[in-house]
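In: Mind looking at a prediction? Sequence and model below.
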Amino acid sequence: MSKLITLHEFIMDRQSDFPFATGELSRLLNDISIASKIVNKDVSRAGLMENILGSQGKTNVQGEEQQKLDVIADNAFINIFKAGGEVCGIASEENDDFMPFTSELSKNGKYVVLFDPLDGSSNIDVNVSIGTIFSIYRRKSEIGTEATIDDMLQPGEKQVAAGYVLYGSSTMLVYTTGNGVNGFTLDPSIGEFCLSHPNMKMPEEGRIYSVNEGNINICDSGIKRYIEDFCQKTLPKAMRPYSGRYIGSLVADFHRNLIKGGIYIYPKTTTNPEGKLRLLYECNPLAFIAEQAGGKATDGFQPVLSIKPKSLHQRIGYFVGSKKMMEQAMSYMK
Ligand code: AHG
Ligand code: MN
Ligand code: MN
């Protein structure tokens with residue numbers, strides 16, 4: 001049997017890829033893996049615990065009902081970032097505003113983290129895969145001061161690292177620091193993430209499309225035509241160009257398409273005229289991973305990573321997936 005490489009070992013080995021690295025990013029990535037193990041523990045026993053499962057009884061700033069696990073996960077990550085000292089502030093889908101950390105330790109942190117603590121929260125109650133998505137930037141403000149809104153509103157191309165944790169049939173952590181994408185599976189018997197998917201590549205072409213077809217009549221006519229052309233239900237199965245798979249947890253849909261090849265689309269609709277998915281917490285980190293794996297991500301017209309964010313909770317129409325499938329889909333958007 002070949003030697004298991006733990007996430008911790010892998011991160012340490014990769015530190016040498018960054019000239020002048022001081023180890024802070026490595027420590028931050030390790031902290032993320034620890035927080036995700038804490039969240040994983042709660043996710044795996046959610047069905048047994050009244051204090052974990054169900055609604056929090058409040059809505060977040062985006063008007064969405066908060067689940068208890070949304071808040072548990074948010075706190076787990078915030079607490080670890082506050083204690084670590086690498087991060088000077090965060091922004092999260094579950095908080096109204098960004099949060100500068102005020103301790104002297106944190107004010108000296110080099111990084112900000114933007115994250116979706118629990119993605120796919122409508123799937124918590126029904127034991128379907130959910131996830132955490134994170135995006136790391138180097139701060140723009142001066143070290144030693146409090147983080148500012150400008151630290152948070154950087155275009156995705158400035159990300160220094162991004163990743164996600166998938167709490168699925170097994171728990172996985174997938175991340176990039178701009179030098180390829182690697183995936184690690186949590187071995188519950190030793191409590192360690194171990195390298196299981198080295199150098200992940202998204203197939204150039206695939207057969208899976210992931211879109212909420214309930215929205216077909218409230219989205220742009222280009223998308224409607226695309227879905228009709230590629231997902232024609234009237235064709236015999238053997239002739240059907242694509243096959244539909246939609247979990248409703250972006251992380252899980254993205255992860256499947258990353259491995260098997262596919263396209264995920266959440267377009268602007270009349271009910272969500274700006275789009276549904278959040279640029280900073282969902283679209284940018286997965287776009288960085290997709291591009292690093294050879295795929296593409298756009299808002300239908302321009303690369304997601306080039307968009308200059310205007311506000312924290314900004315939403316966009318989102319297209320992400322295999323290169324050739326993306327090119328085909330884009331041609332319908334003209
Ligand atoms: P979140 O649970 O973080 O609010 O994200 C939900 C998102 C995303 O995970 C998913 O792909 C999409 O919303 C599903 O939306 P629909 O139910 O409208 O298809
Ligand atoms: Mn989400
Ligand atoms: Mn969420």
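Out: Yep, that arrived. Ligands and ions are numbered 1, 2, ... in the order given.
In: where does the chain have low pLDDT?
Out: Along the chain, segments meeting pLDDT under 70 span 1, 19-20, 232-233.
In: Can you name the residues of it sitting close to ligand 1?
Out: By C-beta under 6 Å from any ligand atom, the residues of the chain that approach ligand 1 are 64, 93, 116, 119, 120, 121, 212, 248, 249, 250, 276. No exception for glycine: its C-beta is placed from N, CA and C like everyone else's.
In: out of the residues you listed, which are inside strands?
Out: 116, 119 (DSSP state E).
In: Next, count neighbours for residue 51.
Out: Using other C-beta atoms under 10 Å as the criterion, residue 51 is surrounded by 9 other residues.
In: whoops, residue 188 was the one
Out: Neighbour count for residue 188, taken as other C-beta under 10 Å: 13.
In: Tell me which other helices or strands the helix of greatest length in the chain touches.
Out: As assigned by DSSP state H, the longest helix anywhere in the chain is helix 24-44. Contact analysis of helix 24-44 by 3 or more C-beta pairs under 8 Å, 6 or more residues apart in numbering; DSSP states H and E lists helix 7-14, helix 68-84, strand 111-119, strand 130-138, strand 159-167, strand 171-176 as its packing neighbours.
In: Geometric centre of the protein: which residue is closest?
Out: Against the mean C-alpha coordinate of the chain, by C-alpha atoms, centre = their mean, the closest residue is residue 133 at 3.3 Å.
In: And that residue, how close does it get to residue 119?
Out: In this view, residue 133 and residue 119 are 5 Å apart by C-beta to C-beta, to the nearest Å.
In: so what's in contact with the two at the same time?
Out: 164, 250, 251, 282 (C-beta atoms under 8 Å, 6 or more residues apart in numbering).
In: from those, which would you call buried?
Out: If you count burial by 16 or more other C-beta atoms under 10 Å, the buried members of the shared contacts of residue 133 and residue 119 come out as 164, 250, 251, 282.
In: Next, format these as TSV and append distance to ligand 2.
Out: Shown next, in TSV, are these (distance: C-beta to the ion, whole Å):
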residue	distance to ligand 2
164	10
250	6
251	8
282	5
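In: In the residues of the chain next to ligand 1, find the pair that's most separated.
Out: 93 and 212 (18.8 Å; C-beta to C-beta).
In: re the thing from before, can you tell me which residues contact the residue nearest to the centre of the chain?
Out: When contacts are counted by C-beta under 8 Å, 6+ apart, residue 133 touches 115, 116, 119, 162, 163, 164, 250, 251, 281, 282, 285, 286.
In: In contact with the nearest residue to the second one once chain neighbours are set aside: list those residues for me.
Out: Translated: residue 116. Closest residue to residue 116 apart from its sequence neighbours, by C-beta to C-beta, 6 or more residues apart in numbering: residue 281 at 4.0 Å. With contact taken as C-beta under 8 Å, 6+ apart, residue 281 is in contact with 91, 92, 93, 114, 115, 116, 133, 135.
In: Quick check: which of these are also close to ligand 3?
Out: 93, 116 (C-beta under 5 Å from the ion).
In: can I get the contacts of residue 281 in TSV with distance to ligand 2?
Out: Shown next, in TSV, are the contacts of residue 281 (distance: C-beta to the ion, whole Å):
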residue	distance to ligand 2
91	14
92	11
93	6
114	12
115	10
116	4
133	7
135	12
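In: Kindly indicate which of the contacts of residue 281 lies nearest residue 328.
Out: residue 133 (26.0 Å).
In: Let's see which of the buried ones among the shared contacts of residue 133 and residue 119 end up in helices.
Out: Per DSSP H, the subset of those in helices is 250, 251.
In: could you measure the residue of the stretch 51-200 of the chain found nearest ligand 3 against residue 289, distance?
Out: Per C-beta to the ion, residue 116 is where the stretch 51-200 of the chain lies closest to ligand 3, at 4.4 Å. With distances taken as C-beta to C-beta, residue 116 is found 14 Å from residue 289.
In: Same question for residue 73.
Out: 20 Å.
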